[in-house]
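J.: Sequence and computational prediction follow.
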Amino acid sequence: MDNLTQRLASFAASLTYEQIPAGILHHARRSLIDTLGCAFGGFDCEAARIGRRIAEGAVPLHHAGAIIGGTTTAPAEEAAFINTVMIRYLDFNDAWHAGHPSDMMGGLLALAGSTGADGKRLLTAMVAAYEVAFQMIPPTRMREKGWDQGYVIGIATACGIGNLLGLPVDRLAHAIAITAVANVPMRATRAGKLSSWKGAATGFAVRNAVYATLLAADGMTGPDAPFEGRHGLWEQVTGPFELDLFGVDGGEWKFPWIRLKYWPVEYNAQAGVWAASRLREEMAVDDIASIDIATYWSAWHEIGSEPAKWDPDTRETADHSLPFIFARALVDGTISLGSFEPAAYLDPSLRPLMAKISVREDAAIEALYPAKIVMRVEAVAATGRRVSIEITNPRGDNTNPMDDDEVAAKFRGLAEPVLGTERAARAFEAWNAIDTGTVLGEAMALLVP
């Protein structure tokens with residue numbers, strides 16, 4: 001295998017629980033709790049219902065997969081898809097530049113039970129997957145080149161599943177290779193008017209990674225140079241790049257980079273909600289003549305650069321529309337799950353306010369990204385009075401993290417409508433201590449309504 005494949009496989013196959021620092025494990029438990037809460041938030045979404053209907057007609061073979069909140073099993077790859085679309089549906093799950101690492105947990109949670117893994121093994125596999133994702137996202141620059149986040153998510157999922165299954169390095173290398181060459185998704189998924197596929201695309205990537213890893217575990221071989229060889233990733237898409245040292249090799253553990261979302265919106269819009277809330281205190285909505293939002297390229301390009309974002313007519317477009325999110329927060333004083341009900345995003349009375357909002361890239365702000373998240377808003381009243389607001393590193397950013405109580409409250413708010421108050425509390429306690437004696441099978445059972 002080429003050097004990059006070998007490095008990824010060697011790291012993921014050899015990582016053990018004992019090698020992971022306590023602080024990293026704490027981050028992992030927080031993200032796991034956050035992920036499970038988000039899964040309950042999307043428990044009954046249409047994509048999950050479609051996946052369940054398909055899975056009902058399938059027959060599990062070698063590996064039966066567990067579906068979060070369900071009592072029956074499905075083929076592992078189908079369970080991985082269903083779990084991931086549940087986690088992803090609200091766009092409330094953890095994030096980092098150009099990706100949502102917790103999407104990968106749909107695959108790990110699908111397989112954890114059938115592998116006989118305990119909580120320590122699950123967290124180890126989770127850390128392996130996250131660390132690979134963080135290693136791969138910056139140098140590949142897939143998002144900037146017009147390719148979707150599922151590419152890296154798929155490769156990192158294969159690494160996590162390989163660790164969970166205890167695959168030897170050579171089998172895991174083949175799993176990585178198959179995933180890498182067979183799944184190069186286009187960014188059209190997140191352009192213009194967004195469809196329900198927006199929340200399912202990484203579920204598909206995770207599904208494919210699970211299937212590729214199971215193929216490799218049973219002896220399927222993959223190309224020997226998926227990244228560095230002829231027609232590989234370097235030649236076709238990215239050009240050559242190098243990875244940093246992994247934490248076990250003396251490099252920086254990257255899990256602490258993760259950002260948990262305080263608001264149920266696309267990550268780049270988190271600062272927008274805070275800015276709108278502050279502007280509401282400074283200027284009456286009816287007095288506003290114009291609002292100029294300056295931000296970094298990724299935020300502008302993702303949620304403020306297309307006409308469809310000024311007239312959202314699907315939930316998926318609304319939660320990726322900075323004009324809508326800003327205007328809704330400005331009028332309501334907050335953003336909630338109800339902000340993305342059809343009556344809220346189709347509200348005709350909001351369109352005139354949205355039309356007053358412009359979004360642009362600011363070169364100085366872009367120069368700070370991704371180390372610093374900045375959004376600058378200038379509102380002008382009909383009288384000419386100006387109000388300027390700047391939000392830097394909003395709550396949930398890795399430099400301004402949500403505390404454990406806020407993570408717990410988020411979980412309860414999302415899980416209680418599905419599980420009930422008492423069962424949600426028991427589930428939280430079990431999963432918050434998943435690597436300290438809690439039986440994984442019992443913890444999974446607590447996720448069933």
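T.: Yes, it's here. Residues are numbered from 1 along each chain as shown.
J.: Surely Met105 and Leu32 touch.
T.: Yes. Look at Met105 against Leu32 with CB atoms under 8 Å: they come within range, at 7.0 Å. Backbone N, C-alpha and C define where each C-beta goes, glycine included.
J.: Angles on the backbone of Ile391, please.
T.: Main-chain torsions, Ile391, degrees, to the nearest 10: phi -110, psi 130.
J.: how much space is there between it and Asn208?
T.: 37 Å (CB to CB, to the nearest Å).
J.: now Asp44
T.: 25 Å.
J.: repeat for Ser388
T.: 46 Å.
J.: These two: who's more crowded?
T.: Asn208 (23 against 11; other CB atoms under 10 Å).
J.: tell me what the host helix or strand of that one is packed against?
T.: Per DSSP states H and E: Asn208 is located in helix 201-217. Secondary-structure packing of helix 201-217 (3 or more CB pairs under 8 Å, 6 or more residues apart in numbering; DSSP states H and E): helix 76-88, helix 105-115, helix 150-165, helix 169-182.
J.: what mean pLDDT does the first one have?
T.: Mean pLDDT, helix 76-88: 95.
J.: Remind me what it packs against, helices and strands.
T.: So helix 76-88, by 3+ CB pairs under 8 Å, 6+ apart, packs with helix 22-41, helix 46-56, strand 64-66, helix 105-115, helix 201-217.
J.: can you check the third one too?
T.: Helix 150-165 is packed against helix 3-14, helix 105-115, helix 119-140, helix 169-182, helix 201-217, with contacts defined by 3+ CB pairs under 8 Å, 6+ apart.
J.: Now the phi/psi pair for Leu243, please.
T.: Dihedral angles (degrees, to the nearest 10) for Leu243: phi -90, psi 160.
J.: Run a quick neighbour tally on it.
T.: 16.
J.: residues in contact with it?
T.: Applying CB atoms under 8 Å, 6 or more residues apart in numbering to Leu243 gives the contacts 4, 7-8, 135-136, 139.
J.: Buried ones from these, can you make that a PyMOL selection?
T.: Entered in PyMOL, the line below selects the buried ones among these, by 16 or more other CB atoms under 10 Å:
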select buried, resi 4+7+8+135+136
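J.: CSV for the contacts of Leu243, including pLDDT and distance to Ala424?
T.: Formatted as CSV, the contacts of Leu243 follow (pLDDT from 0 to 100; distance: CB to CB, whole Å):
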residue, pLDDT, distance to Ala424
Leu4, 95, 42
Arg7, 96, 41
Leu8, 96, 37
Gln135, 96, 35
Met136, 96, 34
Pro139, 95, 40
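J.: what would the contacts of Leu243 look like in TSV with distance to Ile68?
T.: Output for the contacts of Leu243, formatted as TSV (distance: CB to CB, whole Å):
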residue	distance to Ile68
Leu4	33
Arg7	32
Leu8	27
Gln135	27
Met136	26
Pro139	32
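J.: Lowest-scoring secondary structure element of the chain by mean pLDDT?
T.: helix 46-56 (a mean of 83; mean pLDDT, DSSP states H and E).
J.: Can I take it that Leu414 is in a strand?
T.: No. Secondary structure assignment (DSSP: H, G, I helix; E, B strand; the rest coil) places Leu414 in helix, not in a strand.
J.: Near it, how many other residues are there?
T.: Applying other CB under 10 Å, we find 24 residues neighbouring Leu414.
J.: pretty sure it contacts Asp34?
T.: No. Using CB under 8 Å, Leu414 makes no contact with Asp34, being 9.2 Å away.
J.: so what sits against both of these two?
T.: With CB under 8 Å, 6+ apart, Leu414 and Asp34 have no common neighbours.
J.: right, and Ile258 touches Trp96 too?
T.: Yes. Using CB under 8 Å, Ile258 is in contact with Trp96, at 6.0 Å.
J.: what about those two, which has more around it?
T.: A count of neighbours by other CB under 10 Å puts Ile258 above the other of Ile258 and Trp96, at 24 against 20.
J.: Tell me, how many residues neighbour the nearest residue to that one once chain neighbours are set aside?
T.: Excluding the flanking residues, the one nearest Ile258 by CB to CB, 6 or more residues apart in numbering is Asp94, at 5.2 Å. By other CB under 10 Å, 25 other residues sit near Asp94.
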